[in-house]
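Participant: Sequence and predicted structure below; questions after.
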Amino acid sequence: MTSSPEHRAAALANQRAAAFIRFQMIGDHEAMHFLLTDLDEYGRLGFVTALASIASTLATRSMGEQGALDYLKLLAETSASLAEPRD
């Protein structure tokens with residue numbers, strides 16, 4: 001089976017995103033090594049897009065759509081508050 005360059009790039013981005021999530025979950029250094037290979041700007045965009053897709057799927061399945069949206073809103077608000085400079 002052959003695939004287009006876009007499909008191969010998407011598959012590689014999904015592979016990298018899955019490896020990154022695995023690394024975050026269990027400290028899998030072999031997976032992290034895979035992520036440290038050179039990524040151009042297009043590759044980074046694909047990785048971030050794949051990571052967001054996987055994360056949104058997992059969040060929706062575990063918390064339901066509204067629960068996931070509420071959690072992400074809370075996370076954004078809390079992060080914004082923590083990022084503000086202290087006087």
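Facilitator: Done, it's in. Numbering: from 1, shown residues only.
Participant: and L36, what pLDDT?
Facilitator: On pLDDT, L36 comes in at 65.
Participant: just for this structure, where's the confidence low?
Facilitator: Along the chain, the parts satisfying pLDDT under 70 run over 1-2, 31, 33-34, 36-38.
Participant: hey, where'd the helices end up in it?
Facilitator: Here the chain has its helices, by DSSP state H, at 5-26, 29-35, 41-83.
Participant: hey, which of the ones you listed is tucked in deepest?
Facilitator: Ranked by mean neighbour count, the helices of the chain are led by helix 5-26 with a mean of 15 (mean count of other CB atoms under 10 Å). (Each C-beta comes from the backbone N, C-alpha and C, glycine too.)
Participant: what's the angle from that one to helix 41-83?
Facilitator: 40 degrees (axes from the mean of the first three to the mean of the last three CA atoms, to 10 degrees).
Participant: Report all helices and strands that helix 5-26 contacts.
Facilitator: helix 29-35, helix 41-83 (3 or more CB pairs under 8 Å, 6 or more residues apart in numbering; DSSP states H and E).
Participant: excluding its backbone neighbours, what's nearest the residue most central in space within the chain?
Facilitator: Centre of the chain computed as the mean C-alpha position; nearest residue by CA atoms, centre = their mean is L51, 2.2 Å away. Nearest non-adjacent residue to L51, counting by CB to CB, 6 or more residues apart in numbering: A17, 4.2 Å away.
Participant: I'd say the one you found and S56 touch.
Facilitator: No. In this structure, A17 is not within contact of S56 by CB atoms under 8 Å, at 11.7 Å.
Participant: hang on, the earlier thing: reformat the helices and strands packed on helix 5-26 as JSON lines; add distance to H7.
Facilitator: Below are the helices and strands packed on helix 5-26 laid out as JSON lines (distance: least, CB to CB, whole Å):
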{"stretch": "helix 29-35", "distance to H7": "19"}
{"stretch": "helix 41-83", "distance to H7": "11"}
